[in-house]
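Student: sharing a sequence plus its predicted fold:
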Amino acid sequence: MRRNITTTTNRKIQSKRMSDEVYKMRREIIDIIYRVKKLVPNMPRISVRVADNDDEVLGCATMKGHEMWITERSTSDLAVVLHEILHAWKGIEHDDNCKLMHPNKQLGVSDKELMDTFLTYTN
Ligand SMILES: [Zn+2]
């Protein structure tokens, strides 16, 4: 199965309606945001929605628009959430040479590597 992270302002994935279950998934995304905020206190508020799963897309964001959508299977996926934060906050484009900003999710990258890479974009 292809595991893509695709970003577009014409988003293809649908937000899920809030329910107790969706609220819990959203909470997982927000927990990652809190981890990031401890390291990068100047990160602005980013609005977060849980989206339906999609065959190709794991998440999307509006570039520098401070909003992102994470599919329900990816709500605790550090690689996906950090990737979308960089789109939503900084407008960082895809980079085939970057483990975090590659358009397809890269497997086998540790949380530490992901966070260290993230921090190189935020300074
Ligand atoms: Zn992307």
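Tutor: Yep, that arrived.
Student: how about the strands in this protein?
Tutor: Using DSSP state E, the strands of the chain run over 47-51, 59-62, 67-71.
Student: can you say which of those is nearest to I30?
Tutor: strand 47-51 (6.4 Å; Cβ to Cβ). (Glycine included, C-beta is placed from N, CA and C.)
Student: quick one: distance of that closest one to the chain centre.
Tutor: In this view, strand 47-51 has its centroid 10 Å away from the chain centroid, taken as Cα atoms, centre = their mean, to the nearest Å.
Student: likewise stretch 89-99?
Tutor: On the basis of Cα atoms, centre = their mean, stretch 89-99 sits 12 Å off its chain's mean C-alpha point.
Student: alpha carbons only: can I get that stretch in CSV?
Tutor: Extracted in CSV, the C-alpha atoms of stretch 89-99 (Å, rounded to 0.1, in the frame of the first residue of the first chain):
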residue,chain,number,x,y,z
TRP,A,89,2.8,27.0,10.1
LYS,A,90,5.9,27.7,7.9
GLY,A,91,4.7,26.8,4.5
ILE,A,92,7.6,24.4,4.1
GLU,A,93,7.4,22.6,0.7
HIS,A,94,8.0,19.0,0.0
ASP,A,95,11.6,17.8,-0.3
ASP,A,96,12.5,14.4,-1.7
ASN,A,97,15.8,14.5,0.3
CYS,A,98,14.2,15.1,3.7
LYS,A,99,12.9,12.2,5.8
